[in-house]
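# Show me the folded form of this:
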Amino acid sequence: MKEKFYQYIQDLQDTITATLEKIDGEATFKEDVWKREEGGGGRTRVIENGAVFAKGGVNISGVHGKLPKAMQSYFNVGDVDFFACGLSLVLHPNSPMVPTVHANWRYFEMYDEEGTIVDSWFGGGQDLTPYYLFDEDAKHFHQVCKTACDKHDLDFYPLYKKKCDEYFYNAHRGEGRGVGGLFFDYCKKTENKNMSQWYEFVTEVGNSFLDAYIPIVEKRKEMSFSTDQKNWQEIRRGRYVEFNLVHDKGTLFGLKTNGRIESILMSLPPQVQWKYDHHPSKGSEEARLLEVLKNPIEWV
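Below is the predicted model of the structure:
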């Protein structure tokens with residue numbers, strides 16, 4: 001399974017980066033191929049200073065070796081070996097009218113002393129973080145997510161939409177990071193689902209990403225915006241940074257397994273503002289966004 005999924009994310013990385021370069025029309029992805037001292041490595045691709053994208057990364061990795069002590073306690077296991085691979089992407093657009101997007105699809109295995117797999121699972125999802133809320137965009141993104149889920153289990157979309165709202169939540173701010181999407185983890189073999197079926201589901205979601213995001217970019221990228229709206233985008237980017245550095249399990253996993261720092265932190269936006277005790281004007285579009293972030297709604 002690990003060879004099959006790693007090949008899938010390599011191919012998906014190629015497809016996504018080629019599409020994004022075409023959309024941007026100006027910048028191209030810089031590629032870094034790196035190796036991890038303890039085992040494995042990855043392929044980082046970053047785009048910067050483009051016509052559409054201020055900064056973005058579409059990264060793949062496949063790492064293996066002894067599970068670090070910090071992660072042993074997290075998984076409640078002893079001295080075991082592991083393999084983990086995945087594709088992770090974050091795109092920060094120039095325009096505040098175009099939402100930031102994040103996605104991740106991953107696979108994990110753990111082994112005993114004989115090298116036998118003792119546990120394995122899939123995880124992942126995709127979520128949207130707008131700066132100005134266009135309801136039709138949120139509905140489109142969620143409809144694509146629902147369509148992908150419904151092909152495999154009608155219970156998946158409401159379950160994983162709820163988990164996304166709960167996970168991408170800045171508890172210290174009392175608000176969501178964005179308008180959500182899907183979040184799933186520990187997708188393991190059960191009486192109802194084998195690992196091949198989980199593979200089909202996760203790759204279905206991965207294949208849906210461009211359909212979910214690109215139409216929104218095309219619709220919003222030429223819209224005009226003011227300096228005040230750009231400032232609002234940078235203030236909201238600050239909340240994005242707070243989540244990634246305080247709450248995100250993927251970031252913490254990478255840091256605790258001696259991951260490549262530049263690849264882990266590529267998710268951070270290029271320009272950010274933190275203004276003391278900032279509140280938008282009552283009745284403004286900015287205030288409407290905050291209301292939705294504090295009280296998630298059903299988009300489809």
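# Any stretches of this protein with poor pLDDT?
257 (pLDDT under 70).
# Show me the helices in it, by range?
2-24, 69-75, 135-150, 156-167, 195-220, 227-246, 249-256, 261-264, 285-294 (DSSP state H).
# Go through these and name the closest to Glu175.
When the helices of the chain are compared by C-beta to C-beta, helix 285-294 sits nearest Glu175, at 4.3 Å. All C-beta spots, glycine's among them, are computed from the backbone N, C-alpha and C.
# Residues contacting that closest one from elsewhere in the structure, which ones?
Helix 285-294 is contacted from outside by 130-133, 174-179, 232, 280-281, using C-beta atoms under 8 Å, 6 or more residues apart in numbering.
# hmm, back to that, out of the helices of the chain, flag the one nearest Glu109.
Of all the helices of the chain, the one in closest proximity to Glu109, counting by C-beta to C-beta, is helix 2-24 (6.1 Å).
# returning to that earlier point: need the max-distance pair from the contacts of helix 285-294.
Across the contacts of helix 285-294, the longest distance by C-beta to C-beta is 22.3 Å; it joins Arg177 and Ser281.
# Which of those two has more residues huddled nearby?
Counted by other C-beta atoms under 10 Å, Arg177 and Ser281 do not tie: Arg177 has more neighbours, with 26 against 8.
# tell me how far stretch 251-265 is from the chain's mean position?
Counting by C-alpha atoms, centre = their mean, to the nearest Å, stretch 251-265 is centred 15 Å from the centre of its parent chain.
# first vs last residue of it, how far apart are they?
Its start and end residues considered, stretch 251-265 measures 8 Å (C-alpha to C-alpha, to the nearest Å).
# go on, stretch 287-300?
Stretch 287-300 has an end-to-end distance of 23 Å (criterion: C-alpha to C-alpha).
# before we move on, what about stretch 145-164?
This stretch, stretch 145-164, spans 12 Å end to end (C-alpha to C-alpha).
# What are the contacting residues of it?
With C-beta under 8 Å, 6+ apart as the criterion, stretch 145-164 contacts 125-127, 142, 180-185, 197, 200-201, 204-205, 207-208, 212, 300.
# Quick check: buried residues in that stretch?
145-146, 148-149, 152, 156-157, 160-161, 163-164 (16 or more other C-beta atoms under 10 Å).
# And the closest residue to Arg239 other than its chain neighbours, how far from Cys164?
Distances taken as C-beta to C-beta, 6 or more residues apart in numbering place Asn170 nearest to Arg239, at 6.0 Å, with adjacent residues excluded. Distance, Asn170 to Cys164, using C-beta to C-beta, to the nearest Å: 14 Å.
# ok, back up a step: out of the buried residues of stretch 145-164, which two sit at the greatest distance?
His152 and Cys164 (16.6 Å).
# Do I have it right that Lys230 meets Pro96?
Yes - counting by C-beta atoms under 8 Å, Pro96 is a contact partner of Lys230 at 5.7 Å.
# Of the two, which one has the most company?
Pro96 (23 against 16).
# I'd like to know how far that one sits from Ala27.
Following C-beta to C-beta, the distance that separates Pro96 from Ala27 is 19 Å.
# swap in Gly41?
Gly41 is 25 Å from Ala27, where distance means C-beta to C-beta.
# what does Arg43 give?
As judged by C-beta to C-beta, Arg43 and Ala27 stand 18 Å apart.
# Kindly report the same for Ala103.
In terms of C-beta to C-beta, Ala103 sits 20 Å off from Ala27.
# between these two, who's got more neighbours?
Counted by other C-beta under 10 Å, Ala103 and Ala27 do not tie: Ala103 has more neighbours, with 25 against 19.
# And the closest residue to the more buried one other than its chain neighbours, how far from Gly206?
Nearest non-adjacent residue to Ala103, counting by C-beta to C-beta, 6+ apart: Gln126, 3.8 Å away. Noted for Gln126: a distance of 8 Å to Gly206, by C-beta to C-beta.
# Next, show the common contact partners of the two.
Residues touching both Gln126 and Gly206 (C-beta under 8 Å, 6+ apart): Ala103.
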